[in-house]
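Novice: next input, structure requested:
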Amino acid sequence: MASRILHRLRHALAGEGAREEPACSTAEAEDFPESSELEDDTEGLSTRLSGTLSFTSHEEEEEEEEEEEDGAGEELGELPEPPGEAVGAEDGGRCREPAGGGGGSLLTRQLQELWRKSRSSLTPQRLLFEVTSASVVSERSSKYVLYTIYLIRSGRFDKAPATIARRYSDFERLNRRLRCRFGCDMAGIAFPRKRLRRNFTAETIAKRSRAFEQFLSHLHSIAEIRRSPEFLEFFFLQDLRAAQRLTCTGMYREALATWANAYRLQDRLGVCGSGRFLLTLAGLAVCHQELDQLGEAHGCCEQALQLLEAQDSHPLLGPFLQAHIHLAWKVGKDKRQSEARLQDLQEAGLPLQQQPTLKECLIKEALD
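Specialist: Numbering: from 1, shown residues only. Purely as a prediction, here's the structure:
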């Protein structure tokens, strides 16, 4: 009996071991290889996504593929797969162009160049007015604060900024003139009031500086006002008068700096086609010529003649043509077009012998 029970127990143990061994091998066959494949694929995917992001064109893609076959591609970082495209093991995870597509993406250099060109058009340009300094000036029986203001175009760096220096009475005169002409538009524009005392304290000067910045910005935001002679002459008429006096007295170097600032002011304000601007170019040409800077003088005449291209009756046209022909001969530039135009004016009845020089035009011009 005992031997029979022992025999059955051995058969039972042997049967359970035989049934468990296939189950264990099946689990290893189903679970372990799948786990190993997942780990390998994960490792390969992380390798394919590593590297430096770069942009390649369609023409360069074929060359890079040949380099990869030679083993050179291992040194280059590869692109991650774009959305919607599977990463295939046969191409090493490279970003392929879809079938039937046109050219590839732009080079990084091309994208940067495109961004630089489009940046100015994407960024709205705005003229800013900034009081950079204020100083107390004492003159005989008067005392006042002189405010220095920079005209700055937003989004751009000006190596030589346009500047003005004005006192409270200048701002008050501008405010009074504009309110007489643009009463409705000026109704909502605040202006700092006069004070009977404490006009020269740091607190008052600082508050007025900010108030003048806001005052000019508000005026410039109204199209009718910023195009008005009252507003424009507030900025550059003083410089034009000072430059004219310096030119007439032969102080050409000082006059040149003043003409140049008047040029920048008119450029910032967007009035580069007005008669004042042509007079400014004439002043620059005369001072450059007197200082023996003939190339710069020739460039000023060329710019003026471009502005006068469609005008045959402007009083400065003849003087500019004569000056341009003379300077072109001096610096070795082409003067045939100016000579032909001057000949046409002469045939139309313009008395060339009676034409004043640019310097004479500057002296005779009345800057009211």
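Novice: all the strands of this protein, residue numbers only.
Specialist: With DSSP state E as the criterion, the chain has strands at 127-139, 142-153, 162-167.
Novice: just name the most buried of those strands.
Specialist: Of all those, strand 162-167 carries the top mean neighbour count, a mean of 18, counting by mean count of other C-beta atoms under 10 Å. All C-beta spots, glycine's among them, are computed from the backbone N, C-alpha and C.
Novice: so what does it touch, helix or strand wise?
Specialist: strand 142-153, helix 229-248, helix 252-269 (3 or more C-beta pairs under 8 Å, 6 or more residues apart in numbering; DSSP states H and E).
Novice: what lies in contact with that strand?
Specialist: 132, 137, 144-151, 234-235, 238-239, 261, 264-265, 267-268 (C-beta atoms under 8 Å, 6 or more residues apart in numbering).
Novice: average pLDDT for that strand?
Specialist: Strand 162-167 carries an average pLDDT of 96.
Novice: sheet partners, orientation included, of that strand?
Specialist: According to DSSP bridges, strand 162-167 forms sheet pairs with strand 142-153 (antiparallel).
Novice: which residues of the stretch 51-200 of the chain fall in helices?
Specialist: 58-69, 108-122, 168-181, 183-186 (DSSP state H, counting those that start in this stretch).
Novice: average model confidence for the last one?
Specialist: Yep, that's helix 183-186 we're talking about. 94.
Novice: in that helix, what counts as buried?
Specialist: Using 16 or more other C-beta atoms under 10 Å as the test for burial, helix 183-186 gives 185, 186.
Novice: elements contacting it?
Specialist: On a contact count with 3+ C-beta pairs under 8 Å, 6+ apart, helix 183-186 meets helix 168-181, helix 223-226.
Novice: run through who's touching that helix.
Specialist: Here helix 183-186 has contacts from 175, 178, 179, 222, 224, 225, using C-beta under 8 Å, 6+ apart.
Novice: tally of neighbours for the fifth one?
Specialist: Applying the criterion other C-beta atoms under 10 Å, we find 10 residues in the vicinity of residue 224.
Novice: next: the second one.
Specialist: For residue 178, the neighbour count with other C-beta under 10 Å is 21.
Novice: distance of it relative to residue 225?
Specialist: For residue 178, the distance to residue 225 (C-beta to C-beta, to the nearest Å) stands at 6 Å.
Novice: common neighbours of these two, please.
Specialist: The contact sets of residue 178 and residue 225 overlap at 186, 219, 231 (C-beta under 8 Å, 6+ apart).
Novice: how near is residue 171 to residue 165?
Specialist: 12 Å.
Novice: so for residue 52, what's the pLDDT?
Specialist: 31.
Novice: now do the one 3 residues further on
Specialist: The confidence metric pLDDT takes the value 28 at residue 55.
Novice: poorly predicted segments of this protein, please.
Specialist: Residue ranges of the chain with pLDDT under 70: 1-125.
Novice: just to revisit the earlier point, which one of the helices and strands packed on strand 162-167 lies nearest to residue 359?
Specialist: Closest of those to residue 359 is helix 229-248, at 7.4 Å (criterion: C-beta to C-beta).
Novice: which residues are contacting the closest one?
Specialist: Against helix 229-248 from outside (C-beta under 8 Å, 6+ apart): 151, 164, 166, 170, 174, 177-178, 181, 219-220, 225-226, 252, 254-255, 258-259, 261-262, 265-266, 269, 271, 276, 279-280, 283, 286-287, 359, 362-363, 365, 367.
Novice: what about residue 159, how many residues nearby?
Specialist: When neighbours are counted by other C-beta under 10 Å, residue 159 registers 4.
Novice: try residue 271
Specialist: When neighbours are counted by other C-beta under 10 Å, residue 271 registers 17.
Novice: which residues touch it?
Specialist: By C-beta under 8 Å, 6+ apart, the contact list for residue 271 reads 232, 277.
Novice: ramachandran angles for it?
Specialist: Per-residue torsions, residue 271: phi -120, psi 50 (degrees, to the nearest 10).
Novice: gap between it and residue 202?
Specialist: 36 Å.
Novice: quick one, helices of the stretch 251-368 of the chain?
Specialist: Using DSSP H, counting those that start in this stretch, helices in the stretch 251-368 of the chain cover 252-269, 275-290, 294-307, 317-331, 336-347, 358-364.
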